[in-house]
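Engineer: coords please:
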Amino acid sequence: MMFNWLSLVTGFFYIVLGIVIITYKFFFIILEPAVAYPLGIVMILYGIFRIFRAISRFKNTRNEE
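Structural biologist: As a prediction, this is how the structure comes out:
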């Protein structure tokens with residue numbers, strides 16, 4: 001159960017990190033826009049994936065009970 005909550009919170013952090021990368025074009029070093037946009041999009045998509053996976057696990061644990 002704790003993994004589901006951790007996965008949900010991590011998903012939100014990945015989305016925020018993706019938005020920060022796109023906005024400031026910074027990820028430990030200054031990034032070119034050609035690198036910042038794809039990296040930010042990948043971070044956001046991965047965050048969405050983690051959130052959907054956590055939600056589906058929440059639903060599965062409720063169905064098992």
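
Engineer: ok, Ile44 touching Ile21?
Structural biologist: No - Ile44 lies out of contact with Ile21 (CB atoms under 8 Å); the separation is 9.0 Å. C-beta coordinates here come from the backbone N, C-alpha and C atoms, glycine included.

Engineer: so between the two, which is more surrounded?
Structural biologist: Taking neighbours as other CB atoms under 10 Å, Ile44 and Ile21 compare with Ile21 leading, 22 against 19.

Engineer: and the more buried one, what does it touch?
Structural biologist: Residues in contact with Ile21 (CB atoms under 8 Å, 6 or more residues apart in numbering) are Phe27, Leu31, Ala36, Leu39, Gly40, Met43.

Engineer: so which of the residues you listed are in strands?
Structural biologist: Within the contacts of Ile21, no residue falls in strands by DSSP state E.

Engineer: can you add pLDDT and give these back as a markdown table?
Structural biologist: Putting the contacts of Ile21 into a markdown table (pLDDT from 0 to 100) gives the following:
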| residue | pLDDT |
| --- | --- |
| Phe27 | 80 |
| Leu31 | 85 |
| Ala36 | 90 |
| Leu39 | 92 |
| Gly40 | 94 |
| Met43 | 96 |
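
Engineer: closest one to Trp5 out of those, please.
Structural biologist: Met43 (20.3 Å; CB to CB).

Engineer: any idea how far that closest one is from Thr23?
Structural biologist: 12 Å (CB to CB, to the nearest Å).

Engineer: more crowded one of those two?
Structural biologist: Remark: of Met43 and Thr23, Met43 carries more neighbours, 21 against 10, as counted by other CB under 10 Å.

Engineer: pretty sure that one is in contact with Gly11, am I right?
Structural biologist: No - with contact defined as CB under 8 Å, Met43 does not count as touching Gly11 (10.5 Å).

Engineer: residue contacts, the residue nearest to Ile21 when sequence neighbours are not counted?
Structural biologist: Leaving aside its sequence neighbours, Ile21 sits nearest to Gly40 (CB to CB, 6 or more residues apart in numbering; 4.0 Å). Contacts for Gly40 (CB under 8 Å, 6+ apart) come out as Gly18, Ile19, Val20, Ile21, Ile22.
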